[in-house]
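Asks: Predicted structure and sequence below. I'll ask about it afterward.
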Amino acid sequence: MTPELFTRISTNNDEFERDQTARGLFGVVAGLESASPLVVGIHGTWGSGKTDFMKRNKKLVKADDESYKTVWFTPWKYERKEDVGAALIQTILRKIEIEKKGTRSVQEVT
């Protein structure tokens, strides 16, 4: 049996009340009247709930308005700083291409 400390908390369980913070961030972002792109950085130590928080935000964005676009990107898969930038741009372009075609791909970043 796996000790409770090492079990992954389901994103459906909001034990740390991240939904309230996620709704707050979404409200700020959705309330902006600028047409400029926006980048939001979420920083925290390993295991502090960054991924869970972002999944909650993604769910809020999709539920509110399908015109909002999200791109899920994992930068720590890349060793060099130069690789990260190129990979991020490639991920964004791939997402745009998939949405233009109106189809989903196995390579789509969720």
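Replies: Yes, it's here. Numbers count the residues shown, from 1 in each chain.
Asks: List the buried residues in the longest helix belonging to the chain.
Replies: The helix of greatest length in the chain, counted in residues with DSSP state H as the criterion, is given as helix 81-101. Of the residues in helix 81-101, those buried by neighbour count under the rule 16 or more other Cβ atoms under 10 Å are 84, 91, 95. (Each C-beta comes from the backbone N, C-alpha and C, glycine too.)
Asks: pLDDT and distance to residue 16 added to the residues you listed, as CSV?
Replies: Formatted as CSV, the buried residues of helix 81-101 follow (pLDDT from 0 to 100; distance: Cβ to Cβ, whole Å):
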residue, pLDDT, distance to residue 16
84, 89, 29
91, 91, 28
95, 89, 29
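Asks: what's the distance between the longest helix of the chain and the middle of its chain?
Replies: Relative to the centre of its chain, helix 81-101 is centred 14 Å away, using Cα atoms, centre = their mean, to the nearest Å.
Asks: CA atoms only: put that helix into PDB for me.
Replies: Coordinates of each C-alpha in helix 81-101 appear next as PDB, following Å, rounded to 0.1, in the frame of the first residue of the first chain:
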ATOM      1  CA  LYS A  81      17.600  27.700 -22.800                       C
ATOM      2  CA  GLU A  82      17.700  28.100 -26.600                       C
ATOM      3  CA  ASP A  83      15.800  24.800 -27.100                       C
ATOM      4  CA  VAL A  84      13.000  26.000 -24.700                       C
ATOM      5  CA  GLY A  85      12.200  29.100 -26.800                       C
ATOM      6  CA  ALA A  86      12.100  27.200 -30.100                       C
ATOM      7  CA  ALA A  87      10.000  24.400 -28.600                       C
ATOM      8  CA  LEU A  88       7.500  26.900 -27.100                       C
ATOM      9  CA  ILE A  89       7.100  28.600 -30.500                       C
ATOM     10  CA  GLN A  90       6.700  25.200 -32.200                       C
ATOM     11  CA  THR A  91       4.100  24.200 -29.700                       C
ATOM     12  CA  ILE A  92       2.100  27.400 -30.200                       C
ATOM     13  CA  LEU A  93       2.300  27.000 -34.000                       C
ATOM     14  CA  ARG A  94       1.200  23.400 -33.800                       C
ATOM     15  CA  LYS A  95      -1.800  24.300 -31.700                       C
ATOM     16  CA  ILE A  96      -2.800  27.000 -34.300                       C
ATOM     17  CA  GLU A  97      -2.400  24.600 -37.200                       C
ATOM     18  CA  ILE A  98      -4.500  22.000 -35.400                       C
ATOM     19  CA  GLU A  99      -7.200  24.500 -34.700                       C
ATOM     20  CA  LYS A 100      -7.200  25.800 -38.300                       C
ATOM     21  CA  LYS A 101      -7.700  22.300 -39.600                       C
END
